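# got a structure for you, letters missing:
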């Protein structure tokens, strides 16, 4: 193990170097540009044996990844925001063909208006594409999750995107514990692929026309793979912990057990919010936090177990779902708690769009409003924190 | 009986080569080609142009149509230099 000062971009690129994928097809985009740039340097310097395909667009990047993965290769790429949006149609193909591709994704707002800073609208846009989604609280987790993602993808035979918040993590330097190359190699083992088109003794057809009489069965099968993914993610997170000392699960509860008021949060904001929880605890206020590490598959059991007995819950969304009723995480958590007979009231806080900073004082305000609601005060269901009225 | 979702191979792949012969497209047809053998000169233009490999040829002679796969596009009738193929309405 080595200690290095790395940004999330550098840490994810370093993980890719250690994974040494067979193929990387990528197109650079802010704020994920450095991942591709660093990886291209590793290729040029002979530090990896990867076939690097510098494509002309993200649509082509994912298409090349699909072709390589169908051939049986271990495949990775990296993108952000508009790049992920441009991949949109091929994301579904990667998932439905059950190809274990991994994306290092840096969360950035979607245009318009054009913006390069963090929010989660890009990966929420790919929420229903059939990809496993893992969100990172910090750069260490981004590094660790990229390594785990390869193993998860190759056991679930589903593609995985690991995200880190644009600029907040991607460009901020942090102390990172980097594993030895050999440790990563041993942890991952040989690539596992669902099939290969290169076995000429057993020819197969990949991506045939699939009409009314079979399409439904194939989608049912894909849905089952997603349904069975949570124990795989947990198993890989546990094995990673046993080997390297950092354990990961589907969700990350913080001082939640005896909390009366809880916020649900994703990504780097969790770090700030944990500080606020500590401060409130010192003041004797029973505050807690649930960080959603995995959004797809939706960890329904963990949502229910961790939140069912809370008095009031606030869901913090770094995306506006444009549904007319709050952000996308809000509706997911609200739906998840529906079967709890006396489910707690849930309030939504949309914040941080386009990289707007979220300050500890603002999270403290959110908790104050939630404690007021717990005491009987009426507050709106959907709230915007940090926007100018 | 077609397979259920638990029995199908992963990723919607087809594990068998040349399986498209099993996908019969003949019932898409509204008009069908009919051969007048007396006019036919066995030039095999129909065989060359048929997009669905539905012209039956034996020993270099045009023998008729594979109706289980012919979609009734009429290209054979259009290309036939001696007008030996007629498109007639399918009887239901």
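Arrived safely, thanks for sending. Just so you know, these numbers come straight off a predicted model, no measurement behind them.
# could I get the full set of helices for chain B?
B:45-49, B:75-79 (DSSP state H).
# give me the domain ranges for chain A.
Following automatic domain parsing, one gets these domains for chain A: A:2-243, A:251-385.
# reformat the helices of chain B as CSV; add mean neighbour count.
Where C-beta positions appear, they are placed from N, C-alpha and C, glycine not excepted. Shown next, in CSV, are the helices of chain B (neighbours: other C-beta atoms under 10 Å in any protein chain shown):
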stretch, mean neighbour count
helix B:45-49, 16
helix B:75-79, 18
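# for those, which one sits closest to residue A:380?
Between residue A:380 and the helices of chain B, the shortest gap by C-beta to C-beta is with helix B:75-79, which sits at 65.4 Å.
# just how off-centre is the closest one within its chain?
Taking C-alpha atoms, centre = their mean, to the nearest Å, one finds the center of helix B:75-79 at 13 Å from the center of the full chain.
# what pLDDT, on average, does that helix get?
Mean pLDDT, helix B:75-79: 98.
# show me what it is packed up against.
helix B:45-49, strand B:85-89 (3 or more C-beta pairs under 8 Å, 6 or more residues apart in numbering or on different chains; DSSP states H and E).
# who wins for proximity to chain A among these?
Distance to chain A, taken as C-beta to the nearest C-beta, is lowest for helix B:45-49 among the helices and strands packed on helix B:75-79, at 22.8 Å.
# how about the residue in the stretch 251-389 of chain A positioned nearest to chain B, phi and psi?
Relative to chain B, the nearest point of the stretch 251-389 of chain A is residue A:297 (17.6 Å; C-beta to the nearest C-beta). The phi/psi pair for residue A:297 (degrees, to the nearest 10) reads phi -60, psi 150.
# hang on, the earlier thing: turn the helices and strands packed on helix B:75-79 into JSON lines, columns for mean pLDDT and distance to residue A:154.
Below are the helices and strands packed on helix B:75-79 laid out as JSON lines (pLDDT from 0 to 100; distance: least, C-beta to C-beta, whole Å):
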{"stretch": "helix B:45-49", "mean pLDDT": "98", "distance to residue A:154": "47"}
{"stretch": "strand B:85-89", "mean pLDDT": "97", "distance to residue A:154": "54"}
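# nearest to residue A:288, of these?
When the helices and strands packed on helix B:75-79 are compared (using C-beta to C-beta), the closest one is helix B:45-49, at 72.8 Å.
# export the helices and strands packed on helix B:75-79 as TSV, with columns for distance to residue B:33.
Shown next, in TSV, are these (distance: least, C-beta to C-beta, whole Å):
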stretch	distance to residue B:33
helix B:45-49	8
strand B:85-89	5
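# what number of residues lie near the residue of the stretch 251-389 of chain A closest to chain B?
Look at residue A:297: counted by other C-beta atoms under 10 Å in any protein chain shown, it has 20 neighbours.
# residue A:325 is nearest to which of the helices of chain B?
Relative to residue A:325, the nearest member of the helices of chain B by C-beta to C-beta is helix B:75-79, separated by 54.3 Å.
# got a list of contacts for the closest one?
Defining contact as C-beta atoms under 8 Å, 6 or more residues apart in numbering or on different chains, one finds that helix B:75-79 is touched by B:33, B:45-46, B:49-51, B:55, B:65, B:83, B:85-87.
# most widely separated two among these?
Of all pairs drawn from these, the widest gap by C-beta to C-beta lies between B:51 and B:83 and measures 20.3 Å.
# which one of the residues in the stretch 51-200 of chain A is closest to chain B?
Closest point on the stretch 51-200 of chain A to chain B, by C-beta to the nearest C-beta, is residue A:98, at 3.8 Å.
# which residue packs closest to that residue, ignoring adjacent ones?
In space, and not counting its chain neighbours, residue A:98 is closest to residue B:11: 3.8 Å by C-beta to C-beta, 6 or more residues apart in numbering or on different chains.
# residues contacting residue A:324?
By C-beta under 8 Å, 6+ apart, no residues touch residue A:324.
# what about it, which helix or strand?
Per DSSP states H and E: residue A:324 is located in neither a helix nor a strand.
# against residue A:382, how distant is it?
Distance, residue A:324 to residue A:382, by C-beta to C-beta, to the nearest Å: 9 Å.
# apply the buried test to the contacts of helix B:75-79 and list what passes.
Those of the contacts of helix B:75-79 that meet the buried threshold are B:33, B:45-46, B:50, B:55, B:65, B:85, B:87, by 16 or more other C-beta atoms under 10 Å in any protein chain shown.
# need those in a markdown table with distance to residue A:232, can you?
Shown next, in a markdown table, are those (distance: C-beta to C-beta, whole Å):
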| residue | distance to residue A:232 |
| --- | --- |
| B:33 | 55 |
| B:45 | 58 |
| B:46 | 55 |
| B:50 | 49 |
| B:55 | 52 |
| B:65 | 52 |
| B:85 | 59 |
| B:87 | 57 |
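# residue A:141 contacts residue A:248, doesn't it?
Yes. Counting by C-beta atoms under 8 Å, residue A:248 is a contact partner of residue A:141 at 7.4 Å.
# circling back to that earlier point, any idea how many residues pack against the residue of the stretch 51-200 of chain A closest to chain B?
26.
# can you tell me the SS state at it?
At residue A:98 the chain is in coil, as set by DSSP: H, G, I helix; E, B strand; the rest coil.
# report pLDDT for it.
98.
# helix or strand: which one has residue A:237?
helix A:229-244.
# what comes into contact with that helix?
Residues outside helix A:229-244 that contact it (C-beta under 8 Å, 6+ apart): A:1, A:132, A:134, A:144, A:147-148, A:151-152, A:155-156, A:158, A:179, A:183, A:187, A:246-250, A:294, A:297, A:299, A:301.
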